[in-house]
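Student: Test case, fold it:
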Amino acid sequence: MQLGNVIVGQSGGPTSVINSSLVGVFKTAKDAGCPHVYGMRNGIEGLLQEQYIEMSDYVKNDLDIELLKRTPSSFLGTCRYKLPDYTKDEDTYKKIFDTLKKMDVKHFFYIGGNDSMDTIDKLSRYASIVNSDITFIGVPKTIDNDLAMTDHTPGYGSAAKYIASSMKEIIRDANTYPNESINVVEIMGRDAGWLTCASTLSRSEDCAGPDIICLPETVFDYDAFLKKISEIRREKKVITIAVSEGIKTADGKYVCEANKRSMSEDAFGHKALGGTALYLADAVGADLGIKSRGIVLSTLQRCASHIVSRRDITEAFTAGADGVQLALTGETGRMIIFERISNNPYQLKTASCPASAVANVEKLVPKEWIINDNSYISKEFDEYARPLIIGELSPFMVDGLPRHLFID
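Tutor: Below is the predicted model of the structure:
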């Protein structure tokens with residue numbers, strides 16, 4: 001077992017359970033005897049500025065550990081920093097490795113998604129070139145559930161639970177009135193529709209679920225969309241529609257682009273999406289002469305720790321803990337993955353894969369699960385996703401509100 005100082009960072013969009021993975025890294029490393037566990041402030045971008053903390057200064061006891069598990073968003077702060085290729089900018093790598101050497105770090109952990117695994121892959125490759133013995137391990141995270149190689153990702157189950165719960169409440173509210181109406185609910189998802197699919201989990205004996213879902217895996221056809229709505233109107237007065245923010249038309253343009261003059265991009269070239277539901281609600285309302293409303297769940301999907309999935313938060317901790325165990329054996333350049341054994345009873349095991357197999361790759365919703373002329377999702381999704389939302393973990397309440405752990 002190779003002990004040594006540890007550093008951990010968080011990158012990309014937050015989730016309601018990302019800090020449970022952070023706790024998994026911290027507690028497992030300390031229990032194993034690692035002298036120091038450092039936390040990067042704002043990921044690799046912060047490390048380049050030598051901004052980090054000693055985790056033990058903030059997580060001092062078991063109560064802090066339980067509090068941090070229940071704290072949403074990224075405790076350490078996050079970033080969207082694209083690490084350059086070392087052949088084009090080796091100075092950046094020298095800066096990182098000089099800082100790690102000065103801190104006597106032996107194990108580096110990065111909690112994140114596709115782009116974060118690109119960082120792990122690049123750093124581990126450079127380490128082998130310069131004969132560094134530092135291990136680099138990726139801990140999966142994303143509400144989008146779009147990481148390749150793994151059955152699902154920590155963060156998805158809780159986001160799915162929030163979306164399904166919110167959909168039930170929206171449908172219940174909409175059915176209050178006897179008048180015709182349409183609600184278009186916008187759910188996160190640039191290229192993968194896993195989150196939008198989660199809206200169908202609202203179907204139960206007390207809820208019919210959404211009437212239409214529109215995913216980015218398929219081409220959005222507005223005329224076909226209107227036709228489908230007209231067909232449903234013959235059967236019911238209140239229609240609820242779930243749409244991914246990233247749905248595109250046949251020409252490759254995002255639907256929400258029709259409502260914007262320009263769209264900013266991040267370091268990875270990702271356009272800032274949003275407003276799809278608002279645009280469609282206005283268009284449908286005008287074309288069909290019916291009351292319509294656009295509802296945008298936005299960041300609530302990734303920070304709703306008050307309705308977190310217990311299974312999700314437990315698996316997030318396991319991903320961090322198993323990442324440490326993997327690093328202590330000397331493994332590097334790998335990401336922890338989940339392998340499902342069965343749906344019912346739900347059984348899972350952890351393993352690992354090369355970070356390079358995950359970096360910059362997106363796992364989409366299987367085409368065979370998309371049914372009804374691309375307007376709904378099959379029962380196979382329900383069998384896959386429902387086990388991930390099981391269980392609750394109540395927040396610690398103070399003065400009627402959840403208490404969180406934070407850095408001043």
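Student: Okay, helices next: where are they in the stretch 1-150 of the chain?
Tutor: Residue ranges of the helices in the stretch 1-150 of the chain, as given by DSSP state H, counting those that start in this stretch, are 18-32, 43-47, 62-69, 90-102, 114-129.
Student: May I see those arranged in a markdown table, with mean pLDDT, mean neighbour count and distance to residue 79 as well?
Tutor: Yep, even glycine has a C-beta here, placed from its N, CA and C like the rest. Below are the helices of the stretch 1-150 of the chain laid out as a markdown table (pLDDT from 0 to 100; neighbours: other C-beta atoms under 10 Å; distance: least, C-beta to C-beta, whole Å):
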| stretch | mean pLDDT | mean neighbour count | distance to residue 79 |
| --- | --- | --- | --- |
| helix 18-32 | 98 | 25 | 13 |
| helix 43-47 | 97 | 22 | 4 |
| helix 62-69 | 97 | 16 | 20 |
| helix 90-102 | 98 | 15 | 14 |
| helix 114-129 | 97 | 22 | 10 |
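Student: which ones are touching the nearest residue in space to residue 127 that is not next to it in sequence?
Tutor: In space, and not counting its chain neighbours, residue 127 is closest to residue 134: 5.5 Å by C-beta to C-beta, 6 or more residues apart in numbering. Contacts for residue 134 (C-beta atoms under 8 Å, 6 or more residues apart in numbering) come out as 97, 100, 105, 106, 107, 108, 127, 332.
Student: which among those gets closest to residue 11?
Tutor: residue 108 (12.3 Å; C-beta to C-beta).
Student: so what's that closest one bridging to?
Tutor: residue 7, residue 136 (DSSP bridges).
Student: Now the residue nearest to residue 127. Its backbone dihedrals?
Tutor: Torsion angles at residue 134 (phi, psi; degrees, to the nearest 10) stand at phi -70, psi 130.
Student: ditto for residue 285
Tutor: phi -60, psi -40.
Student: residue ranges with poor pLDDT in the stretch 251-400 of the chain?
Tutor: The model of the stretch 251-400 of the chain has pLDDT under 70 over residues 259-272.
Student: Now do the contacts for residue 172.
Tutor: Residues in contact with residue 172, defined by C-beta under 8 Å, 6+ apart, are residue 207.
Student: swap the cut-off to 6 Å and go again
Tutor: For residue 172, no contacting residues are found, by C-beta atoms under 6 Å, 6 or more residues apart in numbering.
Student: Adding distance to residue 350, write the helices of the stretch 1-150 of the chain out as JSON lines.
Tutor: Converted to JSON lines, those look like this (distance: least, C-beta to C-beta, whole Å):
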{"stretch": "helix 18-32", "distance to residue 350": "11"}
{"stretch": "helix 43-47", "distance to residue 350": "23"}
{"stretch": "helix 62-69", "distance to residue 350": "18"}
{"stretch": "helix 90-102", "distance to residue 350": "26"}
{"stretch": "helix 114-129", "distance to residue 350": "16"}
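Student: Indicate which one of those is closest to residue 78.
Tutor: helix 43-47 (5.7 Å).
Student: just how off-centre is that closest one within its chain?
Tutor: 20 Å (C-alpha atoms, centre = their mean, to the nearest Å).
Student: Which residues does it contact?
Tutor: 9, 11, 40, 78, 79, 81, 119.
Student: Closest to residue 283 out of those residues?
Tutor: residue 78 (34.6 Å).
Student: thinking again about what came up before, among the contacts of residue 134, which one lies nearest to residue 185?
Tutor: For those, the nearest to residue 185 is residue 108 (39.5 Å; C-beta to C-beta).
Student: Dump the contacts of residue 134 to CSV, plus distance to residue 2.
Tutor: Shown next, in CSV, are these (distance: C-beta to C-beta, whole Å):
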residue, distance to residue 2
97, 17
100, 15
105, 12
106, 6
107, 8
108, 13
127, 14
332, 10
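Student: how far away is residue 390 from residue 383?
Tutor: Per C-beta to C-beta, to the nearest Å, residue 390 is found 13 Å from residue 383.
Student: no wait, residue 216
Tutor: For residue 216, the distance to residue 383 - C-beta to C-beta - is 22 Å.
Student: Compare neighbour counts for these two and give me the winner.
Tutor: residue 216 (23 against 11; other C-beta atoms under 10 Å).
Student: before we move on, could you check phi and psi at the residue lying closest to the more buried one once chain neighbours are set aside?
Tutor: Of all residues beyond its chain neighbours, the one nearest residue 216 is residue 246 (4.2 Å), with distances taken as C-beta to C-beta, 6+ apart. When read as degrees, to the nearest 10, the backbone of residue 246 gives phi -100, psi 20.
Student: ok, now residue 325?
Tutor: According to degrees, to the nearest 10, residue 325 has phi -60, psi -40.
Student: Tell me how many other residues surround it.
Tutor: Around residue 325 there are 16 residues (other C-beta under 10 Å).
Student: out of the contacts of helix 43-47, who's nearest residue 163?
Tutor: residue 78 (21.6 Å).
Student: Let me know whether that closest one touches residue 9 as I believe.
Tutor: No: counting by C-beta atoms under 6 Å, residue 78 stays clear of residue 9, with 8.5 Å between them.
Student: For the two, indicate the residue with more neighbours.
Tutor: residue 9 (30 against 24).
Student: And the contacts of helix 43-47, which two are furthest apart?
Tutor: Within the contacts of helix 43-47, two members stand farthest from each other by C-beta to C-beta: 78 and 119, at 12.5 Å.
Student: so where do the helices sit in the stretch 151-300 of the chain?
Tutor: 156-174, 194-197, 222-233, 276-288, 300-303.
Student: Now render the ones you listed as JSON lines, adding distance to residue 183.
Tutor: Putting the helices of the stretch 151-300 of the chain into JSON lines (distance: least, C-beta to C-beta, whole Å) gives the following:
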{"stretch": "helix 156-174", "distance to residue 183": "5"}
{"stretch": "helix 194-197", "distance to residue 183": "14"}
{"stretch": "helix 222-233", "distance to residue 183": "12"}
{"stretch": "helix 276-288", "distance to residue 183": "8"}
{"stretch": "helix 300-303", "distance to residue 183": "16"}
